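Participant: what's the 3D shape of this:
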Amino acid sequence: AGLFDPTIGELLEYYGFGPKKEINDIDQNQILLILKSVGFDKVSIVNNKVLKQNLLTKLDFNAIAKGYAVDIIAEMLDTNGVTDYMINIGGELRSKGKNHFKDSFWKIGIENPEPKKQNDIISKKVKLNNVSIASSGNYRNYRVDPKTGIKYVHTINPLNGKSQQSNILSASVISKSCFVADAY
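Facilitator: As a prediction, this is how the structure comes out:
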């Protein structure tokens, strides 16, 4: 619990995954200092205003923004009577109805995350029947420190402030809502 936390904006920037993409020398003492600004308990909403206990707290909803945008577009299409569509924003997808060019439900390919892939660009094909899918992987969104050669992945643990490297290269989640799939 507590692993999805949009108050990690400052940590994301420190690791070089923020909007400026600045590269810093990663230092455990600096991470501990930044962690003082991380946590839902440091943010509240009062009278429609966001109040932060720590001025360094930065909210970053990038982890769920694309999925949310896909759902908003789908809502607009549904409201306007569109019955067949596939929406794709940066790999977050939502489908409805059929692909009339192929007279079938929508199909997508999930990219092979293996570092030494040869011709296997697609690892899995998925048929989307009125569902959403969101994929994320550390095989694409990472940076390597030019001085140390250490690889830092974009999955940041808000509990300890560390770039969370694991043996899971990619994950895809299917749900009715792209926002929900993206959040998981």
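Participant: Distance check, Lys125 against Tyr15.
Facilitator: According to CB to CB, to the nearest Å, Lys125 and Tyr15 sit 33 Å apart. Bear in mind the C-beta positions are built from the backbone N, C-alpha and C, glycine included.
Participant: Compare these two (neighbour count), which wins?
Facilitator: Higher neighbour count among Lys125 and Tyr15: Tyr15, with 25 against 9, using other CB atoms under 10 Å.
Participant: For the lowest-mean-pLDDT helix or strand in the chain, buried residues please.
Facilitator: In the chain, the helix or strand scored least confidently by mean pLDDT, DSSP states H and E is strand 122-128, which has a mean of 84. Residues of strand 122-128 classed as buried: Val126, Leu128 (neighbour count, 16 or more other CB atoms under 10 Å).
Participant: ditto for stretch 59-69
Facilitator: By 16+ other CB under 10 Å, the buried positions in stretch 59-69 come out as Asp60, Ala63, Ile64, Lys66, Gly67, Tyr68, Ala69.
Participant: In terms of secondary structure, what does the longest helix along the chain contact?
Facilitator: Secondary structure assigned by DSSP state H gives helix 62-79 as the longest helix of the chain. Helix 62-79 sits against strand 85-89, strand 92-96, strand 132-137, helix 178-183, with contacts defined as 3 or more CB pairs under 8 Å, 6 or more residues apart in numbering; DSSP states H and E.
Participant: Pick the most buried one from the ones you listed.
Facilitator: Highest mean neighbour count among the helices and strands packed on helix 62-79 (mean count of other CB atoms under 10 Å): strand 92-96, with a mean of 24.
Participant: tell me the SS of Asp41?
Facilitator: Of the three states, Asp41 takes helix according to DSSP: H, G, I helix; E, B strand; the rest coil.
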